[in-house]
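> need the 3D shape of this:
(4 chains)
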There are 2 protein chains.
Amino acid sequence: MRDLRTSNRARVLRRLYFDGQFSRHELAGATGLSQASVSNVVGELVEDQVVVEAGLVGSDGGRPRVLLRVNPDHACVVGVDVGETHVLVEVFDLTLRRLAMSTFQMDTIANRGEAVVERVLAGLDQCVQDSGVDPSRLLGVGVGVPGLVERGSELLVHAQTVGWNGVPLERMLRAGTDLPLFIDNGANTLGQAEMWFGAGRGARNAVIALIGSGVGASVIADGVPYRGASGGAGEWGHTTLSLDGRPCRCGANGCLEAYIGAKGVLGRHREAAGLPPGIVDEEVALRELLAEDSRAAREVLDETARYAGAGIGNLINLFNPERVIVGGWAGLLLGEQLLPAIREVAAKHALHHPYQQAKIKLCELGTESVAMGAATLPVAEFLGAGGVRSAALMRPTG
Amino acid sequence: MRDLRTSNRARVLRRLYFDGQFSRHELAGATGLSQASVSNVVGELVEDQVVVEAGLVGSDGGRPRVLLRVNPDHACVVGVDVGETHVLVEVFDLTLRRLAMSTFQMDTIANRGEAVVERVLAGLDQCVQDSGVDPSRLLGVGVGVPGLVERGSELLVHAQTVGWNGVPLERMLRAGTDLPLFIDNGANTLGQAEMWFGAGRGARNAVIALIGSGVGASVIADGVPYRGASGGAGEWGHTTLSLDGRPCRCGANGCLEAYIGAKGVLGRHREAAGLPPGIVDEEVALRELLAEDSRAAREVLDETARYAGAGIGNLINLFNPERVIVGGWAGLLLGEQLLPAIREVAAKHALHHPYQQAKIKLCELGTESVAMGAATLPVAEFLGAGGVRSAALMRPTG
DNA sequence: ACGCCTTATTTCAAGATGTGATTTAACTCA
DNA sequence: TGAGTTAAATCACATCTTGAAATAAGGCGT
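Residues are numbered from 1 along each chain as shown, chains lettered A, B, ... in the order given. Reported below is the predicted structural model:
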């Protein structure tokens, strides 16, 4: 019974959140509820200050409709991006406009879970202070981490590349804050940001293909992130694209990541150009490679497009998405130049029908949206609960 | 409001359908409803004869609990398997016990949509007559077809391999019957059968990997079949596993199907053994190959296991399923012998964590469960509607 | 300026449904 | 046979949705 009201509040609220301003009358049509119920529900939402009236719009000879919209200031959320070499904390209002941010660079977070937690908590304090929001208005903290999140009896983070093997991040953060915590893979949170506010808007089935130093993907199936049995879905980078091909850091051969990850691309170029291995700034090197006008560079990039295209073709064949959204810092750099070639290869490798359904485009929010995406997690919970602090959004004590 | 009752009826009914017998008391716990509501809902279901009482079970000193179960005879369903060379029609009771069947062999259904429709309708009449069920008790007809089902303004079937290009199968069948029709890809219906009654029982995330002459997959995400944007998801056979590898009938190179589809396996063996191409019975040839004790055969089969293992590794990496269920006539033949090798290769190619979550096993219902799976479609609709003929289960007139 | 018309929103009176508490049913065991 | 125990049904009540009717708030013509 109470679930019914909650779900109706959520229906109305989601509509207002994602599709902008509506009058009560329009909401009735859009949500399938009766006008009486909408009036009821909206009344509550307005009383709770979750929704506010936003002016009238005149009609040709009738009572003007009152537009409603979500109140951005009703609550705030925090998004945290834990990267392999940085910790970024941001505070947003309810509509995900940024109010403050705080960032730390680190050499590496490898084996430094404690340090990361410290930085997150410090950034949190800093940001909240800077933004001037009352801590009681914070809905919660979303955290994007560079690894797999396992939700068992305790939430554990496995980030092989930085040596995190079952780090109990939630418990560790819990020791320093009583804010509700939402932890997910950074690729997923970035994907969520793109779905809500970027290249994925309006799509119900999409794959966000992320190419950085490594390669991963975030899958949205029927509007919700698909996580698989244990949160490990979307490991696109380690799908085999060339049996017995280049060795990959995961131990297998022929993984996609070994070809189109920044490390893989640069490595192939080094080999082709006969350069010695060495430590470089990958981003600088990749930019140089893209600007270079040599035959070796062209060939490496052509190959990259071929592998990326085939890999995206595989995604299209398996997931039949409406959108394939290419992102990650390397993905955006490469994509800017190679996207037409990638599309061409994908068209060849994917079946005709699913290929036609899929638009291949680039991320619109850049590479910095992990924190914003993390911040969507408490907001999603809030919307789903009909604009009320559900159990998940409650502080442990009082 | 009415939705609430429906959904509660569905909750109770699903539990009884899939998990056997329960007392009202146990159902309350299992469904999360109050005992009063369960009593209410069950009362309705019993009155509607959807559920029947199935005896008492004594207790140590209390009123005995009344066990409830779904009434298998409350309604019947029809499942149809349209294969590339046959049409199979079966009638089942509500619990999917087969009551009658009728099968037709055809040379090919290529460009013979009309003939297929005739056969389906004839088989339907035949079966209904043989089983002696009153046509009014038929919930509907599920049809599994060998191709992609596009649900646009009109349902269209695209089966490239048999030249069906947008065949309006629903409309064509509708001309000959007024029974509710449910049409889906045969791979999906077979997968559904395995999920309900075979190797997928109890799993919420699974991939059914089907290897026949061609190769496909059916994906179950969070308990429901994942179809993608336009029903074209799960085209595993045409994912690239070896860029620039063997040509595939789809026009691309290096597709998984070119290696592990029966045609591909036999083709590779012919080449390795230096045999001339020719038309053969694929099933006989594959059995011979599996029994053959030559070095060429061993090598071809080893290769097959390597490709299949890598392909399954890809599925595991992308979908992180609890189960990978290998089926299809060739899959079962190959799997029986190669499964250990396939598991080994998959372990190498998949990441550690997702691999550990995934059990790789064979289909338990053989290759003949397409029709049974098709019959689950009207049953699923019936269960979802709480044991009532929903709009989708209503005949067009009266 | 006034009243009629149009459209949006609120109010109202059912009607439907879930729920906790209470009662009744059905059986065991001493 | 009666006390004890557990299952199922019943009841009174609170909650919610909804269609209809009432009310609000403007435009437009006279």
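> where does pLDDT dip in chain A?
Residue ranges of chain A with pLDDT under 70: A:1-2, A:397-398.
> residue furthest from the geometric center of it?
Largest separation from the mean C-alpha position in chain A: residue A:61, at 45.6 Å (CA atoms, centre = their mean).
> quick one, strands of the stretch 51-200 of chain A?
Using DSSP state E, counting those that start in this stretch, the strands assigned to the stretch 51-200 of chain A run over residues A:51-57, A:65-70, A:76-82, A:86-93, A:98-105, A:138-145, A:148-151, A:155-159, A:164-167, A:181-185.
> and if you look at the stretch 251-398 of chain A?
Using DSSP E, counting those that start in this stretch, strands in the stretch 251-398 of chain A cover A:323-327, A:359-362.
> wait, which of the ones you listed is closest to chain B?
Nearest to chain B among the strands of the stretch 251-398 of chain A is strand A:323-327 (8.9 Å), distances taken as CB to the nearest CB. Quick note: C-beta positions are derived from backbone N, CA and C, even for glycine.
> what packs against the closest one?
helix A:186-197, strand A:206-211, helix A:295-319, helix A:329-349, strand A:359-362 (3 or more CB pairs under 8 Å, 6 or more residues apart in numbering or on different chains; DSSP states H and E).
> can you redo these as a markdown table with distance to residue A:288?
Below are the helices and strands packed on strand A:323-327 laid out as a markdown table (distance: least, CB to CB, whole Å):
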| stretch | distance to residue A:288 |
| --- | --- |
| helix A:186-197 | 26 |
| strand A:206-211 | 17 |
| helix A:295-319 | 9 |
| helix A:329-349 | 11 |
| strand A:359-362 | 21 |
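> quick one: the residue in the stretch 201-350 of chain A that DNA strand C sits nearest to from residue A:194, how far?
Going by CB to the nearest atom of the strand, DNA strand C is nearest to residue A:202 of the stretch 201-350 of chain A, at 24.7 Å. To residue A:194, residue A:202 is 12 Å away according to CB to CB, to the nearest Å.
> so for the two, which residue has more residues nearby?
Legend: neighbour count by other CB atoms under 10 Å in any protein chain shown for residue A:202 and residue A:194, higher for residue A:194 (28 against 11).
> now do the same contact list for the residue lying closest to that one once chain neighbours are set aside.
Nearest in space to residue A:194, with sequence neighbours left out and distances taken as CB to CB, 6 or more residues apart in numbering or on different chains, is residue A:200 at 4.6 Å. Taking CB atoms under 8 Å, 6 or more residues apart in numbering or on different chains, we find residue A:200 in contact with A:191, A:194, A:206, A:208, A:220, A:323, A:325.
> who in chain A is up against DNA strand C?
Counting by CB under 7 Å from any atom of the strand, the residues of chain A close to DNA strand C are A:1, A:23-26, A:35-36, A:39-40, A:42-43, A:59-66.
> give me whichever of the helices and strands packed on strand A:323-327 is most buried.
Most buried of those, by mean neighbour count (mean count of other CB atoms under 10 Å in any protein chain shown): strand A:206-211, with a mean of 30.
> measure the residue nearest to residue A:108 when sequence neighbours are not counted to DNA strand D for me?
Of all residues not flanking residue A:108 in the chain, residue A:85 sits nearest, at 5.9 Å (CB to CB, 6+ apart). Here the criterion is CB to the nearest atom of the strand, to the nearest Å. By it, residue A:85 lies 49 Å from DNA strand D.
> I figured residue A:85 was touching residue A:104, is that so?
No: when contacts are counted by CB atoms under 8 Å, residue A:85 is not listed as touching residue A:104 (9.7 Å).
> between these two, who's got more neighbours?
For residue A:85 versus residue A:104, neighbours defined as other CB under 10 Å are more numerous around residue A:104 (17 against 13).
> for chain A, which residue gets nearest to DNA strand C?
Per CB to the nearest atom of the strand, residue A:62 is where chain A lies closest to DNA strand C, at 1.9 Å.
> would you mind measuring from that residue to residue A:56?
Taken as CB to CB, the span from residue A:62 to residue A:56 is 12 Å.
> list the contacts for the residue of chain A closest to DNA strand C?
Contacts for residue A:62 were tallied using CB under 8 Å, 6+ apart; there are none.
> need phi/psi at the closest residue to residue A:160 other than its chain neighbours.
Using CB to CB, 6+ apart and skipping residues adjacent in sequence, the residue nearest residue A:160 is residue A:147, 6.8 Å away. Dihedral pair for residue A:147: phi -180, psi -170, per degrees, to the nearest 10.
> isn't residue A:147 right next to residue A:163, touching?
No: here residue A:147 lies out of contact with residue A:163, judged by CB under 8 Å, at a distance of 10.0 Å.
> these two: which is more packed in?
Applying other CB under 10 Å to residue A:147 and residue A:163 shows that residue A:147 carries more neighbours, namely 23 against 13.
> give the contact list for the more buried one.
Going by CB under 8 Å, 6+ apart, residue A:147 touches A:157, A:158, A:159, A:160, A:161, A:162, A:164, A:185.
> among these, name the buried ones.
Buried by 16 or more other CB atoms under 10 Å in any protein chain shown: A:157, A:158, A:159, A:160, A:162, A:164, A:185, out of these.
> of all the residues you listed, which comes closest to residue B:258?
Nearest to residue B:258 among the buried ones among the contacts of residue A:147 is residue A:160, at 32.4 Å by CB to CB.
> go ahead and confirm residue A:329 touches residue A:212.
Yes: taking CB under 8 Å as the definition, residue A:329 is a contact partner of residue A:212 at 5.4 Å.
> hey, what's in contact with both of these two?
By CB under 8 Å, 6+ apart, the residues touching both residue A:329 and residue A:212 are A:262, A:367.
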